[in-house]
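[1] Pasting a predicted model and its sequence here:
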Amino acid sequence: MRVRTLGEGRIESPLAELLPRQGTTEHYVDESDRVLLDDTLAMIGGRAVADLPSFEPGGARRRIFFDPSKIKVGIVTCGGLCPGLNDVIRGLVLTLNNQYGVSRIIGFRNGYQGMVARHGRSIVELTRESVEYINEHGGTILGTSRGNQDPDEIVDCLEQLGVNILFVIGGDGSMRGAIRISDAVAQRERRIAVVGVPKTIDNDIPYIGQSFGFQTAFAKAAESLRAAHVEAAAQPGGIGLVQLMGRHSGFIASYAALANNDADYVLIPEVPFAMDGFLPDLRHRVATRGHALVVVAEGAGQEYLEDAPVRLDASGNRKLGDFGLYLRDRILDDFAAAGQEVNLKYIDPSYAIRSVPANPSDSVYCLRLAQAAVHGAMAGRTEMVVGQWRGRFVHVPMAFAVSSRNQVDPDGDLWLSVMEATGQPPNVAAATRLNV
Ligand SMILES: Nc1ncnc2c1ncn2[C@@H]1O[C@H](COP(=O)(O)OP(=O)(O)O)[C@@H](O)[C@H]1O
Ligand SMILES: O=P(O)(O)OC[C@H]1O[C@](O)(COP(=O)(O)O)[C@@H](O)[C@@H]1O
């Protein structure tokens, strides 16, 4: 699948010497239209290869579109925090500067807001020195924000500052915004590349394998599960109840639970929840085993909160009701009604898991995504995000990246692993457990 290109690569890349003298390797390519999947692989998992998307590979090109000595680059981070944002910023700056010799790099502060005159534009110079140690810190040195901004005002900003490439580090909302910015650029017939690095702590963006920061986040979440388990095991009728982030996708809850292999129930938005099956099963579990650990993704069980007022955040995302707290109260009421002793500890680590610095594995991934983004942008690609597909770094058209949502497949092997590890009845609807 092709992404838009601003024009032909007419300039020899400063990286050309690094590239293999002939042919292609996994990461360095000089044929811009080589597709990733080989037609000779006739079938994968019973599906014809033709049915699967195939993307242009990421990597340095022998010939590039932008002259590194002449261009100016802008970087912006938008949406919620995620471990590794500073690693990506640093990776972009160092690759642009060290590998291509680009010296004019700026960061916009506080998301798209920092690009809009009405809010008072806020810009910082980014240099090798200024980003040297930023990877040691969580958050983003640029700041971030939610809330829609006018794409025309953003393009005014890019034009007035003479920015040739804009890197957007953000989630699906940010990429929708980036598409509108790119459309406005095209309407004005400007040659400004808009390239995204997909950010989502919930791991809900498709075609990037696991999103950067996800491993760090679920490792941190696993610490809360351990604490909840220890607390529950130490008291009669102990229950640990942990609520984790995951608006539409239960990946953090699933992976954190598997990391500890102590959870008795994992409730995620993708799998319908049945309170009537869950409560007696939980009482039985606590009675027979002494304690239980329940892990809830924030988007689970929302159907039980239908009466809660609908609230939206600044970007128009629905703010979810607090199912974890609701579940806590239902459990306490149910145990009281049954005359069964209960000691419930409720933990909601939410922001504590997304504000930490990236672990080394995520740092490597952030750098490689940043490198791929820079190579794509320097080659003149636009309206694309860098992704990972079938183990390779690829260029994914932005529209494609926001066209679907990555979710835990209730019929897939990840969810089966969770069911095996917890022994929870399917949908937590059946009254009898499988393994007690
Ligand atoms: N549907 C949309 N169309 C255009 N821009 C959007 C849209 N949704 C969000 N944005 C822009 O992207 C930014 C971040 O979006 P948000 O949904 O808060 O986070 P995320 O990018 O992490 O999903 C917002 O500040 C807003 O300017
Ligand atoms: O309190 P905030 O900043 O709105 O963030 C809460 C939300 O952010 C998330 O971490 C996801 O944010 P993004 O969509 O920006 O990645 C959700 O899991 C959570 O519901």
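    All right, it came through fine. Residues are numbered from 1 along each chain as shown. Ligands and ions are numbered 1, 2, ... in the order given.

[2] going forward, measure contacts between C-alpha atoms and count neighbours the same way
    Will do.

[3] Can you list the low-confidence ranges for the stretch 301-436 of the chain?
    429-436 (pLDDT under 70).

[4] got the residues of it near ligand 1?
    Counting by CA under 6 Å from any ligand atom, the residues of the stretch 301-436 of the chain lying close to ligand 1 are Ser315.

[5] And the stretch 51-200 of the chain, by the same measure?
    78-80, 112, 145-149, 170-174, 176-177.

[6] Inside strands: which ones of those residues?
    Gly170 (DSSP state E).

[7] Just the buried ones from the residues of the stretch 51-200 of the chain next to ligand 1?
    78-80, 112, 145-147, 149, 170-174, 176-177 (16 or more other CA atoms under 10 Å).

[8] Nearest spatial neighbour of whatever residue of the stretch 251-400 of the chain ends up closest to ligand 2, chain-adjacent residues omitted?
    At 6.5 Å from ligand 2, Asp313 is the closest residue in the stretch 251-400 of the chain, using CA to the nearest ligand atom. Nearest residue to Asp313, sequence neighbours excluded (CA to CA, 6 or more residues apart in numbering): Lys319, at 6.2 Å.

[9] Could you do Ala184 as well?
    Per CA to CA, 6+ apart, closest to Ala184 is Asp152, 6.2 Å.

[10] Indicate each strand paired with the strand or helix carrying Val294 and its parallel or antiparallel sense.
    Val294 belongs to strand 291-297 when assigned by DSSP states H and E. Counting by DSSP bridges, the strands paired with strand 291-297 are strand 238-244 (parallel), strand 265-267 (parallel).

[11] hang on, the earlier thing: secondary structure of the residue nearest to Ala184: a helix, I assume?
    Yes: counting by DSSP: H, G, I helix; E, B strand; the rest coil, Asp152 is part of a helix.

[12] separation between it and Arg146?
    18 Å (CA to CA, to the nearest Å).

[13] what do you get for Gly107?
    17 Å.

[14] Do a quick rundown of the helices in the chain.
    For the chain, the helices defined by DSSP state H occupy 85-94, 151-161, 172-187, 214-233, 251-260, 275-289, 323-338, 350-354, 360-378, 398-401, 413-422.

[15] Isn't Gln99 up against Glu17?
    No: look at Gln99 against Glu17 with CA atoms under 8 Å: they stay out of range, at 11.3 Å.

[16] Give me the more crowded residue out of these two.
    The neighbour comparison of Gln99 against Glu17 (other CA atoms under 10 Å) goes to Gln99, with 16 against 10.

[17] per-residue confidence for the more buried one?
    Looking at Gln99, its pLDDT reads 96.

[18] list the contacts for it?
    Pro14, Leu15 (CA atoms under 8 Å, 6 or more residues apart in numbering).

[19] Skipping adjacent residues, who's closest to the spatially most central residue of the chain in space?
    Central residue of the chain (CA atoms, centre = their mean): Thr200, 2.0 Å from the mean position. Distances taken as CA to CA, 6+ apart place Gly171 nearest to Thr200, at 5.4 Å, with adjacent residues excluded.

[20] In contact with the closest residue to Leu94 other than its chain neighbours, which residues are there?
    With sequence-adjacent residues excluded and distances taken as CA to CA, 6+ apart, Leu94 is closest to Arg128, at 6.1 Å. By CA under 8 Å, 6+ apart, the contact list for Arg128 reads Val93, Leu94, Asn97.

[21] which bits of the stretch 101-250 of the chain sit near ligand 2?
    Proximity of the stretch 101-250 of the chain to ligand 2 (CA under 6 Å from any ligand atom) is limited to residues Gly171, Thr200, Ile201, Asp202, Met245, Gly246, Arg247.

[22] Name the member of these with the shortest distance to ligand 1.
    Of these, the one sitting nearest to ligand 1 (CA to the nearest ligand atom) turns out to be Gly171, at 3.3 Å.
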